[in-house]
Structures are given as C-alpha cells and as structure tokens.
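Undergrad: here are the coordinates; sequence isn't available:
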C-alpha cells in the first residue's frame, strides 16, 4: 500500500535518528574517507549534475537574474563544492573534544566534551551547492541530516544527493545519515516540523516568508538564518578610494546572496566627495538607487527611499542610500533597520572604528572590508550551513563547532551523595 506523505516523512526521520546514533561513534579517519570519496564522486558525475541543473534553469526562465545566479551550476561551482568537502575533511573533528576538565573535592573527575546535536533538518531555497555543503558539515560533525531544498532546484538537489548517497554504502554507513525530501509538496515541511521526537534542531535559510513560516509551525528548536540586510558605513575619515572599492564589491560582486550590501550609509561630511563617483559607478553597473533627499540632490536620477526600502533585502541590483549626520546616527540606523547579519565601517579613525565594532549588534562587524566575506569558507571553516542571525545556540557562520552541543562525562569511584 502506498505510504502517505506524512508517513514517508516520519520514516525518513526515524532512519535519520537511528543513523545518528551510529554516526556519533565514527572515527575521524572514517568520516574523512567518506568526505574525500564524496568530493571525487561530485567531479566524476558533474555532467549528470549539470544536466539536471539545466532542467531547473529552463523551468526558471522569467525569474530575476539574481535568482538564476543562485540556482545555476557550472563546472567551476561543482569544483567549489568538491573542494569544500575536501576542506571539511581536512578540518579538526570537533566531536569528543574536551572543552574543560576538573576534579571535585569528593574525587569525581568531570569532563565537558563536544557531542553531535543528533538529527538536523535544513530547509533552504534555491542554491544547489547548499546540498553538498550541508551534507559535508553535518556528516563530519557526527549528525544525520534531512534536507528540504527549494522546489525550483529539485532536479539539481536530487542529482547531487544521489551522487553523495552512493558513497555511504561503499563505507558501510547507514543510509539514513543523509536524507532528502524529494517532493514539491509544501505539506512535507509542515509534517517535518512536528517531528520533535526524531529531529533535534531545524535550520531554515532563505527569505523572510520561509523563516516566519518555520518559526510559526515548528515544535522543534529553530536556529534562524534570517534575511541579510547588510550595511556599509562610509565615515568622514574614510579612504574614499578604498570605500568605493568595498561598496562596489559588497553590492555588485554577487547581489543575490545574503552577505551583499543592501544599504549604504555615508557621513554628511564625506557625501559631496564620495557619492558622485560612487553613484556613477553603481549606475553604470545597472544598480537602482533609492536614496534620501540629500542623495537625490547629489544625483537627481535617484528614486526617493521610503522606510520600507531600508528594511528590505533586495537580493538584486537595488541599493538604499542614506546620508547620516555622524557615526552615532549610522549605528542607530543599522541597529534599527538591519537584520543583525553583517555590517561594515570604512574609516581611518581608530576611535570611530572602535565605537562601530562595539556598538553594532550584528553577527559579523567589519572594519575596512566588504561584507561579502561573511562565509564559512572565507572564514576558514571549510563550508557553512548558513549564517545565523540568532544569538542562541549559534551566531554568524555555522560550521563544525556550531553543529555540536556538549555533554558532561563524570568519572567516579563509588561516590554517593
């Protein structure tokens, strides 16, 4: 008899739970061998993956260029996926790391050690490389994973998943270690989010609508990877050539990702010197500017920004611009309108830099660098599950250490209380 969708999801979760108990005992060398083989298999099967991706691209015609960019794969991106798996294999295994050890007066010996979270469900939108990154990081950290990707990337995700899955049998790893919900049925997520008996944490990464839905429906703890409303503030004491390069990179290098700049703030004493050339460069690159009245006076073609514009993650070639009176106004604006993701100051003033770094309440705060570096790979973590904008249980790029919890191992010799 054909299983209902709900029963299919429950069975996937049960298998993941069973597999997680085995994964937590695998040696580092065993896990690394699997990851190395997974990387090789991605490269060996890249034509199969690209063929599946072309189906997704064809079906997505008419959507924005930024969306297509997130969805598209090529040989270079598949190589990046394979490289990320190899980098994760080369990283220190966090499982069983002793964080602290001490003895109590009654002779107990206590160790605080890292341990896997267990079963992680990851709900994400249309970036197929996330499939391989999540598998690699969860596997290395001893966790089973249940993946639910965006429907527009289903063919690509399924192809990547099937390639990675073939490696498990070769190494006698339980098949439930990695799982993909291969349906476009939206009810699948609803069922998944109620399985707190089997799943330990849910990590949604995507747009605001997705995050809100998951938080509302889930009976499982959620680590939110919320929208990226990232800022660059150009201070009065900034090197303006550096500022122009940083701002252009932060907006234009890859506008469809969460660490791209969405709002640019400029000190009023730098605006007349900085904005004419900066706005010209943006216009030539096809960036739509939505600015304050001061910005409009400098460039009449700029559209007047609303409060909503400063709260919007465009994920496209659209930028909100505001001229501010001082660094205090910049910090206040970021803390009110931002998403606590990534924000940067460009300045040669050490006091201004220190104030910004201390007072901006974001996961990643930069001095004289592009927000585009908020990325697990760029941070030397190999890859990432995503960027957490929460403060519990993890913040910023989530990689191996962030996919573990801890437990206490207590050694006695007959003590009673």
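TA: Thanks, I have the structure now. Just so it is clear, the structure is predicted and the values come from calculations on it, not from any experiment.

Undergrad: Let me see the contact set for residue 83.
TA: residue 39 (Cβ atoms under 8 Å, 6 or more residues apart in numbering). Quick note: C-beta positions are derived from backbone N, CA and C, even for glycine.

Undergrad: Check which element follows the helix or strand it falls within along the chain.
TA: Here residue 83 is covered by helix 75-90, with elements defined by DSSP states H and E. The helix or strand immediately downstream of helix 75-90 is strand 98-103, counting by DSSP H and E.

Undergrad: what's the offset of that next one from the middle of its chain?
TA: 31 Å (Cα atoms, centre = their mean, to the nearest Å).

Undergrad: List the buried residues for the helix holding residue 83?
TA: 77-78, 80-89 (16 or more other Cβ atoms under 10 Å).

Undergrad: Which members of these are the farthest-apart pair?
TA: Greatest spatial distance among those (Cβ to Cβ): 77 and 89, at 19.2 Å.

Undergrad: for the stretch 151-300 of the chain, what are the low-confidence residue spans?
TA: Along the stretch 151-300 of the chain, no part satisfies pLDDT under 70.

Undergrad: let's see 90
TA: 186, 205-210, 224-227, 256-257 (pLDDT under 90).

Undergrad: all strands for the stretch 101-250 of the chain, in order.
TA: 109-116, 119-124, 144-148, 178-180, 201-205, 230-234 (DSSP state E, counting those that start in this stretch).

Undergrad: Quick one: list the elements packing against the fifth one.
TA: Contact here means 3 or more Cβ pairs under 8 Å, 6 or more residues apart in numbering; DSSP states H and E; on that basis strand 201-205 packs against strand 119-124, helix 208-217, strand 386-388.

Undergrad: in the longest one, what counts as buried?
TA: Judged by neighbour count using 16+ other Cβ under 10 Å, the buried positions of helix 208-217 are 210-211, 213-214, 217.

Undergrad: can you put those residues in TSV and add distance to residue 185?
TA: Compiled in TSV, these are given as follows (distance: Cβ to Cβ, whole Å):
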residue	distance to residue 185
210	16
211	20
213	15
214	16
217	15
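
Undergrad: neighbouring contacts of stretch 269-287?
TA: Residues contacting stretch 269-287 (Cβ under 8 Å, 6+ apart): 234-236, 238, 240, 243-244, 247-248, 251-252, 264, 266, 289, 294-295, 298-299, 301-302, 317-319, 321, 323.

Undergrad: Mind checking which of those are buried?
TA: Buried, going by 16+ other Cβ under 10 Å: 234-236, 238, 243-244, 247-248, 251-252, 264, 266, 289, 294-295, 298-299, 302, 317-319, 321, 323, out of the contacts of stretch 269-287.

Undergrad: hang on, the earlier thing: and the strands of the stretch 101-250 of the chain: which comes nearest residue 417?
TA: Closest among the strands of the stretch 101-250 of the chain, using Cβ to Cβ: strand 109-116, at 14.4 Å.

Undergrad: Which strands border that closest one, and is each parallel or antiparallel?
TA: Its sheet considered, strand 109-116 pairs with strand 98-103 (antiparallel), strand 404-411 (antiparallel) by DSSP bridges.

Undergrad: ok so, going back, include distance to residue 341 when you put the helices and strands packed on strand 201-205 into JSON lines, please.
TA: Formatted as JSON lines, those follow (distance: least, Cβ to Cβ, whole Å):
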{"stretch": "strand 119-124", "distance to residue 341": "16"}
{"stretch": "helix 208-217", "distance to residue 341": "12"}
{"stretch": "strand 386-388", "distance to residue 341": "6"}
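
Undergrad: out of those, nearest to residue 167?
TA: strand 119-124 (19.1 Å).

Undergrad: picking that back up, where helices are concerned, which of the buried ones among the contacts of stretch 269-287 count?
TA: 243-244, 247-248, 251-252, 294-295, 298 (DSSP state H).

Undergrad: Show me what the helix or strand containing residue 35 is packed up against.
TA: Following DSSP H and E, the helix or strand that holds residue 35 is helix 28-44. Judged by 3+ Cβ pairs under 8 Å, 6+ apart, helix 28-44 is in contact with helix 75-90, helix 129-140, helix 154-170.

Undergrad: wait, which of the helices and strands packed on strand 201-205 is closest to residue 333?
TA: When the helices and strands packed on strand 201-205 are compared (using Cβ to Cβ), the closest one is helix 208-217, at 19.5 Å.

Undergrad: now that closest one against strand 119-124, angle please.
TA: 150 degrees (axes from the mean of the first three to the mean of the last three Cα atoms, to 10 degrees).

Undergrad: Can you check what angle separates helix 208-217 from strand 201-205?
TA: Using the same axes, to 10 degrees, helix 208-217 lies at 160 degrees relative to strand 201-205.

Undergrad: from the chain's centre, how far out does helix 208-217 sit?
TA: The answer for helix 208-217 is 16 Å, by Cα atoms, centre = their mean.

Undergrad: likewise stretch 338-357?
TA: With Cα atoms, centre = their mean, you get 22 Å for stretch 338-357.

Undergrad: which residues touch residue 116?
TA: Here residue 116 is in contact with 20, 23-24, 95, 141-143, 403-405 (criterion: Cβ under 8 Å, 6+ apart).

Undergrad: Actually, residue 343.
TA: Taking Cβ under 8 Å, 6+ apart, one finds 230-233, 334, 360, 362, 364-366, 371 in contact with residue 343.

Undergrad: again, 6 Å this time
TA: By Cβ atoms under 6 Å, 6 or more residues apart in numbering, the contact set of residue 343 is 231, 334, 360, 362, 365.

Undergrad: Would you verify that it is located in a strand?
TA: Yes. Counting by DSSP: H, G, I helix; E, B strand; the rest coil, residue 343 is part of a strand.

Undergrad: Touching, residue 327 and residue 354? I think so.
TA: No. Applying Cβ atoms under 6 Å as the test, residue 327 and residue 354 come out as separate, 10.5 Å apart.

Undergrad: re the thing from before, for the strands paired with strand 109-116, which one sits closest to residue 168?
TA: When the strands paired with strand 109-116 are compared (using Cβ to Cβ), the closest one is strand 404-411, at 21.3 Å.

Undergrad: contacts for the closest one?
TA: For strand 404-411, using Cβ under 6 Å, 6+ apart, the contacting residues are 94, 108-117, 141.
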